[in-house]
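>>> Quick one, structure for this:
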Amino acid sequence: MKKSKFIETQIIKAIKENESGRKVDDIARELGINVGTFYQWRKKYSGMEVSHLKRLKELEQENAKLKRMFADQALQLEMAKDVISKKW
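Model (predicted):
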């Protein structure tokens with residue numbers, strides 16, 4: 001997936017402008033993005049503050065780390081089961 005050239009604080013600022021009454025078309029034109037992109041941002045980040053967003057990013061990173069750890073442990077368990085089940 002392509003990484004956005006906008007940081008989250010810019011995205012939240014754009015959403016706040018829309019919530020205060022500014023038209024989506026004007027915001028999209030100013031930022032140089034498609035209107036659909038703005039609506040995707042709004043769907044993902046609506047109602048968030050910058051502090052919430054930072055916490056969300058931390059939790060997503062922690063979740064990814066835990067998933068990798070779980071996958072490693074499951075692989076080691078399978079390998080151990082294979083070794084134990086073999087007859088020597």
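>>> gap between residue 61 and residue 67?
Distance of residue 61 to residue 67, computed by C-beta to C-beta, to the nearest Å: 11 Å. (Each C-beta comes from the backbone N, C-alpha and C, glycine too.)
>>> again with residue 83
Taking C-beta to C-beta, one finds residue 83 at 25 Å from residue 67.
>>> just the helices in this protein please.
Along the chain, the stretches classed as helices by DSSP state H are 8-19, 24-31, 35-45, 50-85.
>>> For the ones you listed, give me JSON lines that also has mean neighbour count and mean pLDDT.
Shown next, in JSON lines, are these (neighbours: other C-beta atoms under 10 Å; pLDDT from 0 to 100):
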{"stretch": "helix 8-19", "mean neighbour count": "16", "mean pLDDT": "90"}
{"stretch": "helix 24-31", "mean neighbour count": "14", "mean pLDDT": "95"}
{"stretch": "helix 35-45", "mean neighbour count": "14", "mean pLDDT": "92"}
{"stretch": "helix 50-85", "mean neighbour count": "10", "mean pLDDT": "92"}
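>>> Find out how far stretch 58-76 is from the centre of the chain, if you would.
16 Å (C-alpha atoms, centre = their mean, to the nearest Å).
>>> I meant to write stretch 31-49 there.
The answer for stretch 31-49 is 13 Å, by C-alpha atoms, centre = their mean.
>>> Run through who's touching it.
Stretch 31-49 has contacts (C-beta atoms under 8 Å, 6 or more residues apart in numbering) with 6, 8, 10-12, 14-15, 18, 24-25, 27-28, 53, 56.
>>> Span of it from start to end?
End-to-end distance of stretch 31-49 (C-alpha to C-alpha, to the nearest Å): 20 Å.
>>> ok, residue 49 to residue 24 distance?
Residue 49 sits 21 Å away from residue 24, going by C-beta to C-beta.
>>> Surely residue 14 and residue 27 touch.
Yes - using C-beta atoms under 8 Å, residue 14 is in contact with residue 27, at 5.3 Å.
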